[in-house]
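# Got a predicted model here, sequence first, then my questions.
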Amino acid sequence: MSASRRLPNFSALRAFEAAARHENFSRAAEELHLTHGAISHQVRALEQELGRQLFVRNGRQVKITSDALKFAQFLGKSFADIAVAADAMRAASINQRLTVTSIPSFAARWLAPRLGRFIDLHPDIEVVLQSSGQLQDLARDGIDVGIRFGRGNYPGMVVERLMGDVYYPVVSPHYRGGELPAEPQQLPLQTLLRSVEPWSPWLRAAGVDMPEPSGGVMFEDLSMLIRSAADGNGVALVRHVVAMQEIASGQLVRLFDIATPCPDEYFFVAPMASAGRPQVVAFRDWLLEEIAAFQRQQLK
């Protein structure tokens with residue numbers, strides 16, 4: 001567009017179109033959250049710019065001229081077109097959003113530290129990561145992807161196994177002044193921290209004859225369990241994927257070489273309606289590659 005085709009002030013055009021539609025400056029002011037005086041001022045400024053009268057005034061009563069009515073109708077259609085185009089842009093933005101829900105321990109300790117790599121690969125996708133221990137209805141809650149820890153029975157969903165996990169005991173190197181248990185049979189004499197994951201399967205595998213620990217704090221959040229163990233409060237039974245950061249940093253030490261497989265595994269879950277969306281496919285592919293790389297690293 002050439003510089004000579006200067007557009008009138010947009011605010012003045014909006015004020016005029018609303019005033020023309022209502023044929024009342026006060027109602028136009030209410031619609032646009034302005035004062036009556038502001039509407040009147042905008043309309044007069046537009047009249048001066050166009051060089052012609054748009055309304056015939058009789059006190060506070062106004063009547064639009066026939067030419068101005070045609071102009072207002074054209075503006076109304078143009079504003080409607082702008083609104084449609086803006087809605088399309090918003091929809092495109094929403095279409096690039098990816099909402100992922102995960103159990104808190106996996107979200108905080110495995111997924112979140114790696115998520116930056118996915119965003120680097122797909123900067124146009126906005127990722128919303130929610131952590132929840134609840135089994136949400138993904139489709140109802142508008143969630144694209146769920147990462148679940150369970151048996152894989154999620155009816156009506158697209159389900160793909162990601163990986164399994166194992167349990168083993170860990171402890172702070174400073175626990176009891178560094179006097180750490182040397183063999184599983186010493187565990188009955190230790191403070192065993194409790195969580196929603198029972199000790200009994202591991203104790204049986206290790207040949208330790210003792211009942212399931214009772215009393216004390218029951219940790220539902222495995223991150224809090226790991227924090228308590230790192231603070232030297234006792235021995236914790238942990239999942240490898242959840243505790244490996246503290247083990248790598250030396251805050252926790254793995255006890256013994258005995259590990260028992262978790263009966264539950266990690267699964268990628270997506271509602272049927274979401275599974276084929278480009279950002280869901282991209283996330284699934286990236287996630288599988290990350291898990292493959294993680295598992296290769298564990299074998300080294």
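Received it, and whenever you're ready, just let me know what you need.
# What residues of the helix or strand containing Ala248 count as buried?
Using DSSP states H and E, Ala248 falls within helix 240-249. For helix 240-249, a neighbour-count test (16 or more other CB atoms under 10 Å) marks 240-244, 246-247 as buried. Bear in mind the C-beta positions are built from the backbone N, C-alpha and C, glycine included.
# how about stretch 275-284: buried residues?
275, 277, 279-280, 283-284.
# Other residues contacting that stretch?
Here stretch 275-284 makes contact (CB atoms under 8 Å, 6 or more residues apart in numbering) with 95-98, 100, 118, 121-122, 125, 127, 144-145, 158, 160, 268, 270, 274.
# Mind giving me the PyMOL select for these, buried ones only?
Typed into PyMOL, the line below selects the buried ones among those, using 16+ other CB under 10 Å:
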select buried, resi 98+100+118+122+125+127+144+145+158+268+270+274
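# so where do the strands sit in the stretch 201-300 of the chain?
In the stretch 201-300 of the chain, the segments counted as strands under DSSP state E, counting those that start in this stretch are 218-219, 236-239, 253-254, 260-261, 265-271.
# Sheet partners, orientation included, of the second one?
Strands flanking strand 236-239 in the sheet, each with its direction: strand 166-171 (antiparallel) (DSSP bridges).
# next SSE after the strand it pairs with?
Following strand 166-171 toward the C-terminus (DSSP H and E): strand 194-195.
# tell me the contacts of Met161?
One thing to correct before we go on: residue 161 is Arg, not Met. Arg161 neighbours (CB under 8 Å, 6+ apart): 152, 265-268.
# change it to 10 Å
For Arg161, the contact set (CB atoms under 10 Å, 6 or more residues apart in numbering) comprises 152, 265-268, 291.
# can I get these in TSV with distance to Pro181 and pLDDT?
Formatted as TSV, the contacts of Arg161 follow (distance: CB to CB, whole Å; pLDDT from 0 to 100):
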residue	distance to Pro181	pLDDT
Gly152	35	90
Glu265	29	94
Tyr266	30	95
Phe267	35	95
Phe268	38	95
Ile291	33	94
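# picking up where we left off before, deepest-packed of the strands of the stretch 201-300 of the chain, please.
strand 236-239 (a mean of 26; mean count of other CB atoms under 10 Å).
# State the three-state secondary structure for the spatially closest residue to Asn24 that is not a sequence neighbour.
Closest residue to Asn24 apart from its sequence neighbours, by CB to CB, 6 or more residues apart in numbering: Val62 at 7.2 Å. Assigned state for Val62: strand (three-state reduction, DSSP: H, G, I helix; E, B strand; the rest coil).
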